[in-house]
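Participant: model this:
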Amino acid sequence: MKPSILIVDDEKSSREGLRAALEEHYEVYVAEDAKSAFELLEAEHFDVLLSDLRLPGEDGLNLIKRAKAHAPAPVCILMTAYGSEDLAVDAMKQGADDYISKGRLQLDELEMRIARLLKSRGLEQENIQLQQQLDDRFGLHTMVGESKSLRDVLDIVKQVAPSRATVLLEGESGTGKELVAHAIHHLSSRAKYPFVPVHCAALSANLLESELFGHEKGAFTGAFERRQGRFEMADGGTLFLDEIGEIDASVQVKILRVMESRQFERVGGNQLIESDVRLIAATNRDLKKMVAEGKFREDLYFRLNVITIRMPALRERREDIPLLANHFLKVYSRENGKRIREISSEAMQKLVEYAWPGNIRELRNLVQRLVVMAKGDRIAEKDIPVELKASAEGSESETTLNLAETEKRLIRKALEQTRGNISKAAPLLGLSRRTLHRKLKEWNMEVP
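Facilitator: Residues are numbered from 1 along each chain as shown. Next up, the predicted model:
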């Protein structure tokens with residue numbers, strides 16, 4: 001589709017001349033005054049507004065201000081009389097994207113300026129969309145939960161992210177360590193540079209060395225060309241070393257050297273390469289114990305252990321399970337084109353009572369499975385796998401949490417935050433408006 005342009009000029013010959021010149025490449029609309037132009041802006045979306053400064057009634061600058069209040073706003077170019085460039089510069093400070101003198105108007109130049117501004121706006125919108133995607137995927141709001149242990153983690157993340165400090169993430173597998181690493185990077189000044197993850201446990205010592213530092217052509221059998229390593233790729237950004245406790249001692253030495261000097265050599269090379277990288281490491285092992293046993297270098301441990309964030313296991317934050325389960329229910333229902341409105345109270349109780357050795361990852365995978373296999377619009381207790389129910393029923397100290405009381409507390413908090421607005425509270429709880437109404441009625445709860 002052609003970009004749309006609205007030309008506003010009280011001189012008929014001028015606006016019709018511009019229409020004839022631009023209609024080959026643009027969908028052109030014209031208006032003779034600000035009032036008519038504003039009516040068109042209310043009815044249609046325009047990519048470009050080309051307006052004369054002097055108009056009957058409201059002037060072109062006020063028109064541009066009003067046009068910029070629309071979302072998305074059009075590119076706005078002000079046409080001025082010869083000799084009024086100072087006024088045009090002031091207009092740009094107040095919202096105009098460009099100006100052009102009517103006395104010096106060259107159609108080729110005008111088309112070039114419009115094309116350049118549209119391209120610039122396109123790149124800006126792409127950046128906004130990309131930023132929104134990053135926010136949606138890695139922002140702190142993706143870490144669902146209200147437990148104190150999670151809030152403590154988020155407080156540390158917000159405090160640490162702007163710094164240059166190395167961060168060590170400790171915790172069981174599946175607790176969200178990589179998501180936290182992404183959030184730290186995303187909230188830091190390095191966010192515009194790469195976030196490069198390396199899953200250390202999946203690679204042998206030789207392969208990991210090549211993966212981290214790169215290699216020169218012919219460095220070893222199969223090295224048919226030079227290859228950049230992850231330290232090089234992450235220059236300016238963040239390198240995330242997952243399961244760093246699995247790294248061989250020889251590679252530990254080289255990582256320590258890079259951390260101290262910010263320099264390294266590719267495998268098979270002798271050229272020093274500089275890399276400005278923030279290091280975030282994660283482990284599900286006790287590195288301090290490994291140091292005592294001689295299985296991990298003490299000097300590297302101290303280098304990594306500048307800021308330590310311990311990720312709580314899911315069984316330590318059981319009050320977050322209903323929120324997480326409803327969040328995943330919504331995500332996977334949407335992905336699979338299903339309309340599953342809720343997880344029953346009985347089914348949710350089984351989820352809360354289960355020990356979750358695989359933590360959030362296990363819960364996420366289970367909810368995805370339940371959604372895919374669901375035949376109705378509700379996940380019932382009978383849909384919960386037998387082995388999970390048996391494990392939950394066999395638990396002793398784990399079953400003390402009262403799910404109903406937990407849900408009531410979360411609902412009260414959401415309603416307080418939204419000042420009793422059920423439409424706003426329901427999404428915070430991962431519930432539909434209808435389900436929240438039903439729970440309020442079921443528990444005889446009053447809206448504040």
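Participant: how close does residue 210 get to residue 268?
Facilitator: Residue 210 sits 9 Å away from residue 268, taking Cβ to Cβ, to the nearest Å as the criterion. For every residue, glycine as well, the C-beta is placed using N, CA and C.
Participant: the more surrounded of the two?
Facilitator: More neighbours surround residue 210 than the other of residue 210 and residue 268, with 22 against 16 (other Cβ atoms under 10 Å).
Participant: Any idea what the spatially closest residue to the more buried one that is not a sequence neighbour is bridged to?
Facilitator: In space, not counting the residues next to it along the chain, residue 210 is nearest to residue 267; the distance is 5.2 Å by Cβ to Cβ, 6 or more residues apart in numbering. Residue 267 has the following beta-bridge partners by DSSP bridges: residue 215.
Participant: And residue 267, how far from residue 57?
Facilitator: Residue 267 sits 73 Å away from residue 57, taking Cβ to Cβ as the criterion.
Participant: quick one, which of the two is more surrounded?
Facilitator: Set side by side, residue 267 and residue 57 show unequal neighbour counts under other Cβ under 10 Å, the larger going to residue 267 at 20 against 11.
Participant: Tell me which residues touch the more buried one, please.
Facilitator: Residue 267 is in contact with 209-210, 213-216, 219-220, 223, counting by Cβ atoms under 8 Å, 6 or more residues apart in numbering.
Participant: Would you tell me what the next helix or strand after the helix or strand of the chain with the lowest mean pLDDT is?
Facilitator: Taking mean pLDDT, DSSP states H and E as the measure, the chain has helix 386-394 as its least confident helix or strand, at a mean of 64. Scanning forward in sequence from helix 386-394 by DSSP states H and E, the next helix or strand is helix 403-417.
Participant: so what secondary structure elements neighbour that next one?
Facilitator: Helices and strands touching helix 403-417, as assessed by 3 or more Cβ pairs under 8 Å, 6 or more residues apart in numbering; DSSP states H and E, comprise helix 321-335, helix 345-353, helix 422-429, helix 433-442.
Participant: Reformat those into a markdown table and put mean neighbour count next to each item.
Facilitator: Formatted as a markdown table, the entries for those read as follows, by neighbours: other Cβ atoms under 10 Å:
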| stretch | mean neighbour count |
| --- | --- |
| helix 321-335 | 19 |
| helix 345-353 | 20 |
| helix 422-429 | 17 |
| helix 433-442 | 15 |
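Participant: and of these, who's closest to residue 192?
Facilitator: With distances scored as Cβ to Cβ, the stretch of these nearest to residue 192 is helix 321-335 (27.5 Å).
Participant: Any chance you could give me that closest one in CSV, C-alpha atoms only?
Facilitator: Once non-C-alpha atoms are left out, helix 321-335 reads as follows in CSV (Å, rounded to 0.1, in the frame of the first residue of the first chain):
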residue,chain,number,x,y,z
ILE,A,321,2.0,-21.5,42.4
PRO,A,322,-1.6,-20.4,41.6
LEU,A,323,-0.3,-17.2,40.0
LEU,A,324,2.3,-19.1,37.9
ALA,A,325,-0.2,-21.8,36.9
ASN,A,326,-2.8,-19.3,35.8
HIS,A,327,-0.2,-17.3,33.9
PHE,A,328,1.0,-20.4,32.0
LEU,A,329,-2.7,-21.4,31.5
LYS,A,330,-3.3,-18.1,29.7
VAL,A,331,-0.1,-18.3,27.7
TYR,A,332,-0.6,-21.9,26.4
SER,A,333,-4.3,-21.5,25.9
ARG,A,334,-3.6,-18.6,23.6
GLU,A,335,-0.8,-20.5,21.8
